[in-house]
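This is the structure alone, sequence omitted:
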Ligand SMILES: Nc1ncnc2c1ncn2[C@@H]1O[C@H](COP(=O)(O)OP(=O)(O)OP(=O)(O)O)[C@@H](O)[C@H]1O
C-alpha cells in the first residue's frame, strides 16, 4: 500500500537560509509522528510544503500518491494551525456547518463531527464562550471534514491544560486507529513520548533523528546519573570507596556512568550494605535526549 506521506531528499531555500536540507521520511497510514525542533528548525516550512502552500526546491513529496497542493492531495490532507481563529459570535455548529459548505459537503454532518470531538453539548453555544481546549476541538472537527487520510497539526496542544491535552490525544488515537496518519509538531516532549509512534527531530533544516523514544535513547547513549545517600557516619567511607564521585552540598554522592556500566556500579554500591541509606537512579531525561540531537552549531 502507498504510504500516506512520502518525502524524499526535500530541500528548500529562502535566499541565504537553507530551511530544509535533504529531508526524507515516510509516514504510513495510521501512524502518528511528532515533529520536534528548535525555533527556525524548518517545521513550519515542511508542513507548508506538504500542504502545497509553498513550493520546494529539490527532492520529492507525495501525499497519498499525489503532488502536494494538487486537487487529489488537497482532498486527502487537513491542517490545524497553531492559533486557530473562529468567529466568536458563531456557535460551534454554525462554524462547522460553514466549513462543510465551503468544502461542498452537507452541513447536516456538523453535529456528527462535533459529537466526534466531544462538543455535542456545547455545539449551540457561541464560540466566544468556549475554552481554548474547546476551540481546539472545533479546529479538529473542521479537519475531519471529508475524512482526510493525513492530518497536519501545528502544535495542537499548546496552551491546553494536562487533562485537555490527554483528551485531545485520545481523539487522535481514535483517528489513527481508523487509519488516519498524523504529523504533529510539539514542544512538549513528555506528551509526544507516550502518544506518538515515532519522533522526528529537525535541526537547522536537517532531519537529525528519527525513531521511537526508546530507539533515540539508545542511540544517544547518554550517561545515567546515580545519587547515593550515605548512612549516618558513613560519608567518608563512601567517598573513599568511590573517588570518581562528587559530593554535593546536600551530602549526596553523585555518580555518572554509561548505560552498560549501570548494573556493575549498582552492584558495587549495594555491596556496601549498611553504609548506604538510599539510592536513586536517574536516566537521561527527554530534554537531555532532545538537546543531544537538536544541538545547533556553536551551542
Ligand atoms: N518566507 C520566508 N522568507 C524567508 N525566510 C523564511 C521564510 N519562512 C521561513 N524562513 C526561514 O526558514 C527557517 C525555517 O523556518 P520555519 O518557520 O520553518 O521554522 P520552525 O521550525 O517552524 O520554527 P518555529 O518553531 O519558530 O515555528 C528559519 O530560518 C526562517 O527564518
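Received it, and whenever you're ready, just let me know what you need. Owing to the predicted nature of the structure, the values given are computational and were not obtained by experimental measurement.

do you know how far residue 142 is from residue 85?
Spatial separation of residue 142 from residue 85 under the definition C-beta to C-beta, to the nearest Å is 12 Å. All C-beta spots, glycine's among them, are computed from the backbone N, C-alpha and C.

meant to ask about residue 214, not that
Distance of residue 214 to residue 85, computed by C-beta to C-beta: 38 Å.

same thing with residue 67?
Taking C-beta to C-beta as the measure, residue 67 falls 29 Å from residue 85.

Of the two, give the one with the bigger neighbour count.
Regarding residue 67 and residue 85, a neighbour count based on other C-beta atoms under 10 Å identifies residue 67 as having more, with 13 against 9.

Backbone dihedrals for that one, please?
phi -70, psi 140 (degrees, to the nearest 10).

so it touches residue 76, yeah?
No: applying C-beta atoms under 8 Å, one finds residue 67 not in contact with residue 76, separated by 11.7 Å.

any idea which helix or strand carries the spatially most distant residue from the centre of the chain?
Of all residues in the chain, the one whose C-alpha sits farthest from the chain's mean C-alpha position, using C-alpha atoms, centre = their mean, is residue 233 at 47.2 Å. Element membership of residue 233 [criterion: DSSP states H and E] is none; it lies in no helix or strand.

now swap in residue 208 and tell me
Following DSSP H and E, one finds residue 208 within strand 206-211.

Show the average pLDDT along whichever helix or strand comes after that strand.
Per DSSP H and E, the first helix or strand lying C-terminal to strand 206-211 is helix 213-220. Along helix 213-220, the predicted confidence averages to a pLDDT of 87.

can you list contacts of helix 213-220?
193, 199, 201, 209, 211, 283, 284, 286, 288, 289, 292, 293 (C-beta atoms under 8 Å, 6 or more residues apart in numbering).

quick one: buried residues of the lowest-mean-pLDDT helix or strand in the chain?
Taking mean pLDDT, DSSP states H and E as the measure, the chain has helix 189-195 as its least confident helix or strand, at a mean of 79. Along helix 189-195, these residues count as buried under the neighbour rule (16 or more other C-beta atoms under 10 Å): 189, 191, 192, 193, 195.

Counting residues, name the longest helix you see in the protein.
For the chain, the helix reaching the highest residue count under DSSP state H is reported as helix 162-177.

Do the helix or strand following that helix and the ligand come into contact?
Once helix 162-177 ends, the next helix or strand along the chain (criterion: DSSP H and E) is strand 181-185. No: counting by C-beta under 6 Å from any ligand atom, the ligand has no neighbours in strand 181-185; the shortest distance is 7.2 Å.

Can you tell me the SS state at residue 159?
Three-state secondary structure (criterion: DSSP: H, G, I helix; E, B strand; the rest coil) places residue 159 in coil.

Apologies, that question was intended for residue 12.
Assigned with three-state DSSP, residue 12 falls in the strand class.

Am I right that it is in contact with residue 47?
No: no contact is recorded between residue 12 and residue 47 when judged using C-beta under 8 Å, the distance being 11.6 Å.

thought residue 287 was touching residue 189?
Yes: between residue 287 and residue 189 there is a contact at 6.4 Å, judged by C-beta under 8 Å.

where along the stretch 1-150 of the chain do the helices fall?
Under the criterion DSSP state H, counting those that start in this stretch, the stretch 1-150 of the chain carries helices at the ranges 43-51, 71-74, 92-102, 110-116, 132-143.

would you turn these into TSV with mean neighbour count and mean pLDDT?
Conversion of those to TSV gives the following (neighbours: other C-beta atoms under 10 Å; pLDDT from 0 to 100):
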stretch	mean neighbour count	mean pLDDT
helix 43-51	22	95
helix 71-74	14	93
helix 92-102	20	95
helix 110-116	19	92
helix 132-143	22	90
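
could you dump the ones you listed to TSV with distance to the ligand?
Below are the helices of the stretch 1-150 of the chain laid out as TSV (distance: least, C-beta to the nearest ligand atom, whole Å):
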stretch	distance to the ligand
helix 43-51	3
helix 71-74	20
helix 92-102	25
helix 110-116	28
helix 132-143	18
